[in-house]
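Enquirer: Please find the sequence and the predicted model below.
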Amino acid sequence: MRRYSACCLIVAASCLAGCNQPAVTPKPPAFQASEDTVRDWADVAHAVADGMTNRGLLPPEVPGQAPGWRPPGPFFVRAQAPDSAFVRAVADQLESEILRRGGTVARTPNGATVVNLDVDFVQWSPRDKPPGLLFTAAGVLAIPGIVIGASQPMSTWTAANAAALTAVGVGMLADTAIAMTPTMNAEAIWQATILSGDDVVMKIQRPVYVRPNDIPLYAKTTDLGPVSSPGTGGVLRVRTIRYDP
């Protein structure tokens with residue numbers, strides 16, 4: 001009878017396991033910026049300028065590290081999404097950053113190194129479960145209270161001191177958890193590219209968190225293709241488009 005019951009339990013467990021969905025693979029810890037102010041947009045321009053510096057297109061920010069450095073030529077910052085407020089602001093800040101680091105900025109792409117800036121965005125559905133490590137954090141927060149309770153009896157000042165330190169520690173832990181927990185369900189993906197013929201000289205692409213109500217600041221209705229370096233001042237050939245009835 002006992003063997004029969006064990007077989008039934010094994011069969012039931014196998015059926016339940018077969019009907020269940022595969023478990024979600026835990027993601028390793030990672031950090032991602034969020035865009036809240038114009039200063040955050042300036043940080044994007046700084047990241048692009050740092051990428052240009054790492055590839056020898058701009059001199060190091062520390063004076064004296066490149067005494068014989070000469071700029072490879074003027075740079076033209078091209079907004080592939082000219083109607084995006086985010087791209088326009090990053091392009092303007094990038095021009096200022098290039099000038100600050102010793103480069104020159106051209107007003108036309110003719111003969112210049114073209115830095116193409118573009119952005120896309122995605123809006124996810126609302127969360128279907130609370131953020132991770134919620135119950136683990138609750139357990140960690142309960143440890144000080146358990147330790148203090150197990151240390152009784154203690155003097156009044158000792159208990160007050162322990163309670164104060166515990167309150168400060170719990171407050172710092174809670175504030176850190178709140179600051180690191182993303183509440184935005186939309187992301188913008190910006191990228192900066194420099195092309196030379198068919199070669200990609202530089203490509204920097206990063207996602208950032210944005211508020212859903214701020215998506216119009218990143219959205220675009222015009223999407224221009226990237227331009228290779230050195231740029232040309234030529235005009236695109238006119239093509240006739242025919243619509244069949």
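Expert: Good, I have the coordinates. Model, not experiment: these values are computed from the prediction. Numbers count the residues shown, from 1 in each chain.
Enquirer: in the chain, which spans are strands?
Expert: With strands called from DSSP state E, the chain shows them at 75-79, 113-123, 186-196, 199-210.
Enquirer: Please enumerate residues in contact with stretch 203-220?
Expert: Identification of contacts with stretch 203-220 by Cβ atoms under 8 Å, 6 or more residues apart in numbering yields 32-35, 40, 44, 47-48, 51, 81, 83-87, 119, 121, 123, 182, 184-194. For glycine as for every other residue, the C-beta is placed from the backbone atoms N, C-alpha and C.
Enquirer: if we go to 6 Å?
Expert: 33-35, 48, 51, 81, 83-86, 119, 121, 123, 182, 184, 186-189, 191-193 (Cβ atoms under 6 Å, 6 or more residues apart in numbering).
Enquirer: Identify the bridge partners of the residue nearest to residue 227 when sequence neighbours are not counted.
Expert: Leaving aside its chain neighbours, residue 227 sits nearest to residue 114 (4.7 Å; criterion: Cβ to Cβ, 6 or more residues apart in numbering). Assessed by DSSP bridges, residue 114 has beta-bridge partners residue 76.
Enquirer: Hmm, residue 229 and residue 114 touching each other?
Expert: Yes: taking contacts as Cβ atoms under 6 Å, residue 114 lies within contact range of residue 229: 4.8 Å.
Enquirer: Of those two, give the one with the bigger neighbour count.
Expert: A side-by-side neighbour count of residue 114 and residue 229, using other Cβ atoms under 10 Å, places residue 229 first with 24 against 21.
Enquirer: Helices of the protein, residue ranges please.
Expert: Counting by DSSP state H, the chain has helices at residues 2-19, 38-54, 85-100, 134-150, 156-180, 215-218.
Enquirer: Would you check how far apart the residue nearest to residue 227 and residue 196 are?
Expert: 10 Å (Cβ to Cβ, to the nearest Å).
Enquirer: what's near enough to touch the residue nearest to residue 227?
Expert: Contacts for residue 114 were tallied using Cβ under 6 Å, 6+ apart; they are 76, 78, 227, 229, 231.
Enquirer: Apply 8 Å and report the result again.
Expert: Here residue 114 is in contact with 75, 76, 78, 194, 195, 226, 227, 228, 229, 230, 231 (criterion: Cβ under 8 Å, 6+ apart).
Enquirer: any chance of those residues in TSV, plus pLDDT and distance to residue 203?
Expert: As requested, these are exported to TSV (pLDDT from 0 to 100; distance: Cβ to Cβ, whole Å):
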residue	pLDDT	distance to residue 203
75	92	16
76	93	17
78	93	15
194	92	8
195	91	9
226	88	10
227	88	14
228	88	13
229	82	13
230	84	18
231	74	17
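Enquirer: Any chance of those in TSV with distance to residue 204 as columns?
Expert: Converted to TSV, the contacts of residue 114 look like this (distance: Cβ to Cβ, whole Å):
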residue	distance to residue 204
75	15
76	17
78	15
194	9
195	13
226	13
227	17
228	17
229	15
230	20
231	19
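Enquirer: Kindly indicate which of these lies nearest residue 104.
Expert: residue 75 (7.0 Å; Cβ to Cβ).
Enquirer: what's around the spatially closest residue to residue 89 that is not a sequence neighbour, how many residues?
Expert: Excluding the flanking residues, the one nearest residue 89 by Cβ to Cβ, 6+ apart is residue 41, at 4.9 Å. The tally of other residues near residue 41 (other Cβ under 10 Å) stands at 21.
Enquirer: Fine by me, thanks again.
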